[in-house]
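[1] give the three-dimensional model of this entry:
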Amino acid sequence: MSSRATIEYLPVLCIAALLALAASCGNGGSADGNSGGIIPPPPPPPPPAGGPAVRISSTGIINATDPRVALDGDGGAVVVWCHGSNLPPDGPDVWANHHNGTSWGAAEMIESDAVTPGYARVAMDASGQAIAVWQRCDTARCGIAANHYNGTSWGAAEAIDDGTGTVGGPQIAMDGSGQAVVVWEQHEGAQQNIRANHYNGTSWGASETISAGSLARNPQIAGDGSGRAVAVWLRQGGGIGASRFDGASWAAEEVIEPTDSGSSFQLEVAMGGSGRAIAVWQQVEGTDWNIRDSRFYGSAWGAAELIETSDSNAYNPQIAMDGSGRAFAVWWQLDGTLGNIWVNRFNGSSWGAAEALDDANVYTSYPHIAMDDSGRAVAVGVQEQSYNRPQRWAKRYE
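    Numbers count the residues shown, from 1 in each chain. Coordinates of the predicted model:
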């Protein structure tokens, strides 16, 4: 693979388009708040490459945080973020901005209720429609809200959970026809469930529980662009559960990783064509931290397996998949006194041998991977060439 790869050292504010590629491919897999990992969440994506940085939030608004981006595959994009300040006139709310392929529009508030929002996420289809979801909290509880962008304007925010318990951590996948599936964790007394809701292109349905365990948490979701989706989550005791959505209904939970091999963390999932999917995670096995995967071939999950065999501890895996079922996984690995980014390629049938992707003599961390449907991929990270002078690093596979 190394003969086809090229290293590029990028300015600090020039890689958001690379990170956002994953959204246009319909893949899940971004570090989205999985608890238990020892690597901090990656920094939010910087502004797009190809020109100078531009401000897309409103002038005079402070504390814009946690931006998320989605692409339509034709140059259009939607970014959502939260404002966390309580200083007037900037109360806690959710904002969005749309790029029409040429320029950014005006930032627009899409959540204006007297609630405290957070954890905003967004997905977009090929026609330019988008759906944003977020956690909204008042003095009584936290729920899940959504807003639909029809390609021209945003609608009204609406609740999509059932109004019971306290919920959080929404994740969304959207297909090519404007339909979407959202999953989240919901706390109801001593029970902690994974719940889901489906948007049929016109309206939301009723939310439903898709997990079977008593303490399910940290759901992740990915779709194949044709209405099918898979959701995975952490189970009580450190195992992993999963369910698949066939476009109409959810299947019963399937355990894809029991707890006998050790506790699992940092779960990610990606989905390609024909309903195939791959989940990766970080797992504690004795004194070692390893990276494992399980593959879904359209009807059932396969057995979990190691995709790296180094004696060094490995953390924070990320996964991307193309339309033919090929995939790349990247992770951060502590090799002696330096941290490096490692990669393994799945050719559609089996994994290859893991290899270091960066210079072994330089400290590199915060890995991300994106892939298009033709099999090309871009990996990015943060590299310290000199003390306290980090810079963005990228390597592409063609």
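[2] tell me what Arg244 is bridged to.
    Arg244 forms beta bridges with Val230, as assigned by DSSP bridges.
[3] tell me the SS of Ser274?
    helix (DSSP: H, G, I helix; E, B strand; the rest coil).
[4] hang on, it packs against Gly325?
    Yes: Ser274 is in contact with Gly325 according to CB atoms under 8 Å; the separation is 6.9 Å. Using the backbone N, CA and C atoms, a C-beta is placed for each residue, glycine as well.
[5] skipping its backbone neighbours, what lies nearest Arg376 in space?
    Excluding the flanking residues, the one nearest Arg376 by CB to CB, 6 or more residues apart in numbering is Glu398, at 5.5 Å.
[6] quick check: the gap between the one you found and Gly375.
    In this view, Glu398 and Gly375 are 9 Å apart by CB to CB, to the nearest Å.
[7] which of these two has more residues huddled nearby?
    Remark: of Glu398 and Gly375, Gly375 carries more neighbours, 17 against 10, as counted by other CB atoms under 10 Å.
[8] please, where are all the helices along the stretch 201-350 of the chain?
    Taking DSSP state H, counting those that start in this stretch, the stretch 201-350 of the chain contains no helices at all.
[9] should've said the stretch 1-150 of the chain
    Using DSSP H, counting those that start in this stretch, the helices of the stretch 1-150 of the chain run over 16-25.
[10] any low-confidence regions in it?
    For the stretch 1-150 of the chain, the stretches flagged by pLDDT under 70 are 1-51, 60-61, 84-91, 114.
[11] how about the strands in the stretch 1-150 of the chain?
    Ranges of strands in the stretch 1-150 of the chain, per DSSP state E, counting those that start in this stretch, are 5-10, 64-71, 77-83, 93-99, 108-111, 116-124, 130-137, 142-149.
[12] nearest to Ile256 among the ones you listed would be which one?
    strand 116-124 (23.3 Å; CB to CB).
[13] what angle separates that closest one from strand 142-149?
    For strand 116-124 against strand 142-149, the angle by axes from the mean of the first three to the mean of the last three CA atoms, to 10 degrees is 40 degrees.
[14] now strand 116-124 and strand 93-99, what's the angle there?
    Going by the same axes, to 10 degrees, strand 116-124 makes 20 degrees with strand 93-99.
[15] okay, the strands of the stretch 1-150 of the chain in TSV with distance to Glu208 and mean neighbour count next?
    Shown next, in TSV, are the strands of the stretch 1-150 of the chain (distance: least, CB to CB, whole Å; neighbours: other CB atoms under 10 Å):
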stretch	distance to Glu208	mean neighbour count
strand 5-10	43	13
strand 64-71	25	20
strand 77-83	25	24
strand 93-99	25	23
strand 108-111	24	19
strand 116-124	19	23
strand 130-137	16	25
strand 142-149	13	23
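[16] mind putting these into TSV with distance to Ser365?
    TSV is the format used below for the strands of the stretch 1-150 of the chain (distance: least, CB to CB, whole Å):
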stretch	distance to Ser365
strand 5-10	15
strand 64-71	20
strand 77-83	24
strand 93-99	29
strand 108-111	33
strand 116-124	23
strand 130-137	28
strand 142-149	31
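[17] so for Ser274 and Gly325, which residue has more residues nearby?
    Gly325 (21 against 13).
[18] that one: what's it in contact with?
    By CB atoms under 8 Å, 6 or more residues apart in numbering, Gly325 lies in contact with Gly272, Gly273, Ser274, Arg276, Phe346, Gly348.
[19] now the residues you listed: which count as buried?
    Buried members of the contacts of Gly325, counted by 16 or more other CB atoms under 10 Å: Gly272, Arg276, Phe346.
[20] lowest-confidence entry in those?
    Ranked by pLDDT, the buried ones among the contacts of Gly325 bottom out at Gly272 (90).
[21] who is Ile369 paired with across the strands?
    Bridge pairing for Ile369 - DSSP bridges - gives Ala379.
[22] again but with Leu306, I slipped
    Arg292.
[23] what pLDDT does it get?
    On pLDDT, Leu306 comes in at 94.
[24] quick one: neighbours of Thr209, just the number.
    Residues lying near Thr209 (other CB under 10 Å) number 16.
[25] thought Asn193 was touching it, still the case?
    Yes: counting by CB under 8 Å, Thr209 touches Asn193, with 4.7 Å between them.
[26] common neighbours of the two, please.
    Joint contacts of Thr209 and Asn193 (CB under 8 Å, 6+ apart) are Gln186.
[27] contacts only, for Asp161.
    By CB under 8 Å, 6+ apart, the contact list for Asp161 reads Gly143, Ile144, Val167, Trp184, Gln186, Arg195, Asn197, Ser207.
[28] swap the cut-off to 6 Å and go again
    When contacts are counted by CB atoms under 6 Å, 6 or more residues apart in numbering, Asp161 touches Gly143, Ile144, Val167, Ser207.
[29] kindly report the same for Ala216.
    So Ala216 contacts Gln192, Asn193, Ile194, Trp233, Arg235 (CB under 6 Å, 6+ apart).
[30] same question, Val94
    Contacts for Val94 (CB under 6 Å, 6+ apart) come out as Cys82, Ile110, Glu111, Pro117, Ala120, Trp134.
[31] pLDDT wise, what is Gln171 at?
    97.
[32] if we can go back for a sec, which of the strands of the stretch 1-150 of the chain sits closest to Val284?
    Closest among the strands of the stretch 1-150 of the chain, using CB to CB: strand 116-124, at 26.2 Å.
[33] give me the sheet partners of that closest one and which way each runs.
    Assessed with DSSP bridges, strand 116-124 is paired to strand 130-137 (antiparallel).
[34] so what touches the partner strand?
    Residues contacting strand 130-137 (CB under 6 Å, 6+ apart): 78, 80, 94, 115-124, 142-143, 145-149, 168, 170, 172, 180, 182.
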